[in-house]
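K.L.:
build me a model from this:
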Amino acid sequence: MSEELYKKSDVKKLRKVRELTPDSFKAYVEFDKQALSEGALPQKIKRLIAIAVAHTTQCPFCIDFHTKEAKKLGATEQEIVEAMWISAALRAGASVAHSVLAVNAYEE
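P.N.:
Numbering: from 1, shown residues only. Purely as a prediction, here's the structure:
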């Protein structure tokens, strides 16, 4: 296995995924397009949410893509970094919230 796990060029391999499962791939693309389209939330806000979620799920391809898309929609660098901090806070909050599991286990 390559030392570099995430290579930007690997995104091109999604073509193979599309070829192997065209119906599923098409359904995903349509769903993604609909979820990120203008609605009650403006697209810029949806991209900032996507950046935060991408940091939480730790998807480097998503971070790269959604950051560039947010920038095109007028998001500032500060807005993008603040979205990341929301992700960090929620991830840390999940650890704190789940600490009760350790307390419960210890008390059993």
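
K.L.:
quick one: the strands in this structure?
P.N.:
Applying DSSP state E to the chain gives no strands.

K.L.:
using the record's assignment, carve it into domains.
P.N.:
When the chain is parsed with automatic domain parsing, its domains come out as 10-39, 40-108.

K.L.:
next, the buried residues of the shortest one.
P.N.:
If I follow you right, that is domain 10-39. Applying a neighbour-count criterion of 16 or more other CB atoms under 10 Å, one finds Leu36 buried in domain 10-39. No exception for glycine: its C-beta is placed from N, CA and C like everyone else's.

K.L.:
how far does it sit from the chain's center?
P.N.:
Relative to its parent chain, domain 10-39 has a centroid offset of 15 Å by CA atoms, centre = their mean, to the nearest Å.

K.L.:
and that domain, end to end?
P.N.:
Chord length of domain 10-39, first to last residue, is 32 Å (CA to CA, to the nearest Å).

K.L.:
that older thread, columns mean pLDDT on top of the domains of the chain, output as TSV?
P.N.:
Output for these, formatted as TSV (pLDDT from 0 to 100):
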stretch	mean pLDDT
domain 10-39	96
domain 40-108	96
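
K.L.:
could I get those domains as JSON lines with distance to Glu3?
P.N.:
JSON lines is the format used below for those (distance: least, CB to CB, whole Å):
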{"stretch": "domain 10-39", "distance to Glu3": "14"}
{"stretch": "domain 40-108", "distance to Glu3": "15"}
